[in-house]
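S.K.: 3D model of this:
(chains A and B, ligands or ions: 1)
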Amino acid sequence: MEKLKQYWLAQQLETDLGDPRDPTQRMSFAQTAAIDESEEFPDAEIAWLYDYNLQDYYVPTSSGGKFTSFEEFVSFVRVMSRRDLNIAIAFTTMFWSFLTWMAGTDEQKETLSRQMRDEHLTMCLAYSEKEHGSDLVGGGVTATKVDGGYLLNGEKWPINRATISGLTYVLARTNPEGGNRGLSLFMVDKSQLDPKSYYNLPKIKTHGIRAADMSGIGFSDCFIPDSMLLGPEGHGLELALEGFQITRALCAAFSQGAADTCLRTTLNFALNRQVYGKTVVDMPHARRTLTHAFLDILTCDCVNIAAARGFHVVPEQFSVWSAVDKYFVPVTLEQMMSDISVVLGARFYMRDEHDHGVFQKMLRDSSIISVFDGSSVVNLHALILQRRQLAKTRKRLKPEKMAAIQQRLANSFSLDSALPEFAPQKLELFSRGADDIPQGLPLLIEELKAMHVDGAQSVIIEVIDLAEIILAQLNVQDEVIAHSAFEHGHGQSYESFELAKQYCRLHAAAACIYMWRYNRQSLGGFFSQGEWLVLCIHRLLSHFDVSLKTVPLEYYENVFQELLRLDHEDKMFSIVPFQLARSTSTPEITENHATASNLQLI
Amino acid sequence: MQQLQTSNSSSAVSPAMAIRQWLISQLAEVLSLDPSTIEAQQPLTRYGLDSIDAVTLVGDLEDWLDLELPSTLLWDYPTVEKAANYLVEEFDVSV
Ligand SMILES: Cc1cc2nc3c(=O)[nH]c(=O)nc-3n(C[C@H](O)[C@H](O)[C@H](O)COP(=O)(O)OP(=O)(O)OC[C@H]3O[C@@H](n4cnc5c(N)ncnc54)[C@H](O)[C@@H]3O)c2cc1C
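M.R.: Numbering: from 1, shown residues only, chains lettered A, B, ... in the order given. Take a look at the predicted model:
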């Protein structure tokens, strides 16, 4: 841990927030449950985060802030999210500021940086409209050019923090005839508007994140000066789609925080609950279900940490990476939470039992993650449209290109390698057929074959077998794609969505192997032994029509023991299990459940 | 500089014409239209080509020409004629 500086902030924030199971702590489960019931915006908690100066980490160092890496970013967002998604999401609407860091003038960046850091300004993203949903080009809000600025007209809905925010990123049509170049993006500073020219829409009652400011904003002949235009006129759609590539991948961190809490609270129940004279955790079904959940978290870690790092290394591939991440992580973790609800049993449905009903709250709160900021189908669709190009490119990769892929992968995956500064201007609407993760597989397999591993010889053989299956499945899928009639637009078949999901699983399986290959030495212990890796890939490949060798049962038990250890030591369920706030009341764990902690990871 | 030698173009066809023909045949296929109904001067959106389709089509065009092109090419040059002329002028594409 000492070495991986990018996790220090998350660890410090943990210590300063304290154990969320303790009702006296800030953002505890008890307190956030009360906020949820009240449906009142959590002003005091947001103010605490500002006083903590966490907003500085949303502003790049080049603009006067402290943001340096997305890996650090997703780690502290996880820390907030494991306490309360409502607070985490409300505070993190500040990630929309990346639109300005990406496309703003020096002056716009300077002003925004100062306002965020000193005046605690926050923003919302106003793209959606009641009548048009995901269809951004079809939007009805207009910005008509007048002397010195524009007149805005129309309504945006449903918008998170539409009412309680100082700045609104508005996508509006500047040229009715302009097609895809007829939209422009504005950063509308509400303090500069005539208050009579805009209004907020009433709070929307939602299933989860009930205390959020979910509302909307309307404009009627609202004058905004030219200085509020972001990027050139007519470039709004391009900026919007590129901006989504950033925020979509970051959304996965919300799911990861929620997943940690759901697993931790369920594990705790299972460790303490006695039925039929047995502890629940000693029943094989419960034990395996919890083990599977931990494996799913580890898989998502490999995908999302790689994506967070990949932003710095291969931004030009993010039309693919971001779509995979935003589809795969929230959907996998939502499924995982639903799977473990059978272990928690009746209490999963109760709003005030067991850790103040945090499980059902996380379940409700997190179900929006796969919907907002581009839903699962929207992300799969984005992938489908590039799928044929990805297949073609993989087929004709030359050795010199492979060497470059290998170098980039080493940087994206080695957690102790330095990352280049994020260059948002390198984001592209399509990746020109590039996706390093599946495309680097043949070289990865060669490397695995040449690897000398002490003590994990059987694991390495299994991993090579599995990597070859992943590659074979990719080849099969690429053949299917090459021989199927390609549909453009929104007429994609149901089957093509299923194939895209399979592509995400193969991408995830490969990501797990790279993560292991590049960090085996530095992360050591449990991580290095790689039994988790074999099980994670098995879980992913179980969705394919392939026969897999049976995994030794002790692998499951060893993974379960690691889960117990991390819980006992209050560490994040993660491939980088950083220290969480110490429990104020550690439950007694008997010898049967836990093993001695001989593997100090970090 | 790229030599266009595809089944769509004969040696008598100018580069701009070859690109036009290619774009029209692609559009006809993508949008299930009769190629003769696609006019080179009409905005592509009029035929139902949406924003992301237009980006995907640039990918196909890159493949065909073996060139790296701006992904928003068909947003900026939104008719068959404009796109073909732009390619000939900016990228010196020749037959
Ligand atoms: C809690 C919450 C917070 C939100 N916050 C914001 C915000 O801050 N800013 C903002 O701008 N918006 C926000 N939204 C809006 C959200 O992004 C929209 O829900 C989204 O734009 C989709 O709109 P829609 O549900 O009306 O679906 P529509 O776009 O009307 O689509 C309907 C259905 O069509 C299908 N479909 C759509 N696109 C495709 C495709 N490409 N391929 C296949 N099928 C497809 C899907 O099944 C979809 O559900 C928020 C929504 C919620 C619920």
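S.K.: which residues of chain B fall in helices?
M.R.: In chain B, the segments counted as helices under DSSP state H are B:15-30, B:51-65, B:73-76, B:80-91.
S.K.: Any buried residues in the third one, and which?
M.R.: Of the residues in helix B:73-76, those scored as buried under the neighbour-count criterion (16 or more other C-beta atoms under 10 Å in any protein chain shown) are B:73, B:74, B:75. The way it works is simple: take the backbone N, C-alpha and C, and place the C-beta from them, glycine included.
S.K.: Can you give me the neighbour number for the closest residue to chain B within the stretch 451-600 of chain A?
M.R.: Minimum separation of the stretch 451-600 of chain A from chain B (C-beta to the nearest C-beta) falls at residue A:488, amounting to 4.2 Å. A count of neighbours around residue A:488, defined by other C-beta atoms under 10 Å in any protein chain shown, yields 23.
S.K.: Isn't it up against residue A:384?
M.R.: No: under the criterion of C-beta atoms under 8 Å, residue A:488 is not in contact with residue A:384, lying 10.0 Å apart.
S.K.: where are the low-confidence patches of the chain?
M.R.: In the absence of a named chain, this looks at chain A. Residues of chain A meeting the criterion pLDDT under 70: A:1-2, A:455-456, A:486, A:585-602.
S.K.: meant chain B actually
M.R.: Residue ranges of chain B with pLDDT under 70: B:1-12, B:94-95.
S.K.: which bits of it sit near chain A?
M.R.: Within chain B, the positions lying close to chain A (C-beta under 8 Å from any C-beta of the partner chain) are B:30-31, B:43-45, B:48-59, B:62-63, B:68, B:71-72, B:75-76, B:78.
S.K.: Can you say which of those residues are buried?
M.R.: Of the members of those, the ones counted as buried by neighbours, 16+ other C-beta under 10 Å, are B:30-31, B:44-45, B:49-59, B:62, B:71-72, B:75, B:78.
S.K.: what does chain A have sitting close to chain B?
M.R.: For chain A, the residues in contact with chain B under the definition C-beta under 8 Å from any C-beta are A:136-137, A:179-181, A:237-238, A:382, A:385-386, A:389, A:392, A:428-430, A:432-433, A:488-490.
S.K.: What are the contacting residues of the helix or strand harbouring residue A:80?
M.R.: Using DSSP states H and E, the element containing residue A:80 is helix A:70-81. Judged by C-beta atoms under 8 Å, 6 or more residues apart in numbering or on different chains, the contacts made with helix A:70-81 from elsewhere in the structure are A:6-7, A:9-10, A:13-14, A:17, A:27, A:49, A:54, A:57, A:67, A:87-88, A:91-92, A:249-250, A:252-258, A:260, A:304-305, A:307-309, A:311-312, A:415, A:419, A:422, A:572, A:576, A:578.
S.K.: do that again at 7 Å, thanks
M.R.: In this structure, residues lying in contact with helix A:70-81 by C-beta atoms under 7 Å, 6 or more residues apart in numbering or on different chains are A:6-7, A:9-10, A:13-14, A:57, A:67, A:87-88, A:91-92, A:250, A:253-254, A:256-258, A:304-305, A:308-309, A:311, A:422.
S.K.: ok, now stretch A:458-478?
M.R.: A:391, A:394-395, A:438, A:441-442, A:444-445, A:448-449, A:451, A:453, A:499, A:502-503, A:506, A:509-510, A:513, A:529-531, A:533-534, A:537, A:541, A:544, A:546.
S.K.: Which among the residues you listed count as buried?
M.R.: Of all these considered here, the ones buried according to neighbour count by 16+ other C-beta under 10 Å are A:391, A:394, A:438, A:441-442, A:444-445, A:448, A:453, A:499, A:502-503, A:506, A:509-510, A:513, A:529-531, A:533-534, A:537, A:541, A:544.
S.K.: Among these, which lie within strands?
M.R.: Using DSSP state E, the subset of those located in strands is empty.
S.K.: quick one, what contacts the residue nearest to residue A:343 when sequence neighbours are not counted?
M.R.: Nearest in space to residue A:343, with sequence neighbours left out and distances taken as C-beta to C-beta, 6 or more residues apart in numbering or on different chains, is residue A:286 at 4.8 Å. Shown in contact with residue A:286 (C-beta under 7 Å, 6+ apart): A:270, A:280, A:343.
S.K.: Now neighbour count and secondary structure too, for those, in a markdown table please.
M.R.: Listed next are these as a markdown table, based on neighbours: other C-beta atoms under 10 Å in any protein chain shown; DSSP: H, G, I helix; E, B strand; the rest coil:
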| residue | neighbour count | secondary structure |
| --- | --- | --- |
| A:270 | 22 | helix |
| A:280 | 22 | helix |
| A:343 | 22 | helix |
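S.K.: At the contact with the ligand, which residues of the stretch 51-200 of chain A appear?
M.R.: By C-beta under 6 Å from any ligand atom, the part of the stretch 51-200 of chain A that sits against the ligand consists of A:124, A:125, A:126, A:127, A:128, A:133, A:134, A:135, A:158, A:159, A:160.
S.K.: switch the cut-off to 5 Å
M.R.: If contacts are counted using C-beta under 5 Å from any ligand atom, the residues of the stretch 51-200 of chain A sitting beside the ligand are A:125, A:127, A:128, A:133, A:134, A:158, A:159, A:160.
S.K.: Filter these down to the buried ones, PyMOL style.
M.R.: If you want just the buried ones from those in PyMOL, going by 16+ other C-beta under 10 Å, the selection is:
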select buried, chain A and resi 125+127+128+159+160
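S.K.: Distance to residue A:354 and secondary structure for the residues of the stretch 51-200 of chain A next to the ligand - can I get that in CSV?
M.R.: Formatted as CSV, those follow (distance: C-beta to C-beta, whole Å; DSSP: H, G, I helix; E, B strand; the rest coil):
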residue, distance to residue A:354, secondary structure
A:125, 35, strand
A:127, 38, coil
A:128, 36, coil
A:133, 37, coil
A:134, 37, coil
A:158, 31, strand
A:159, 34, strand
A:160, 29, strand
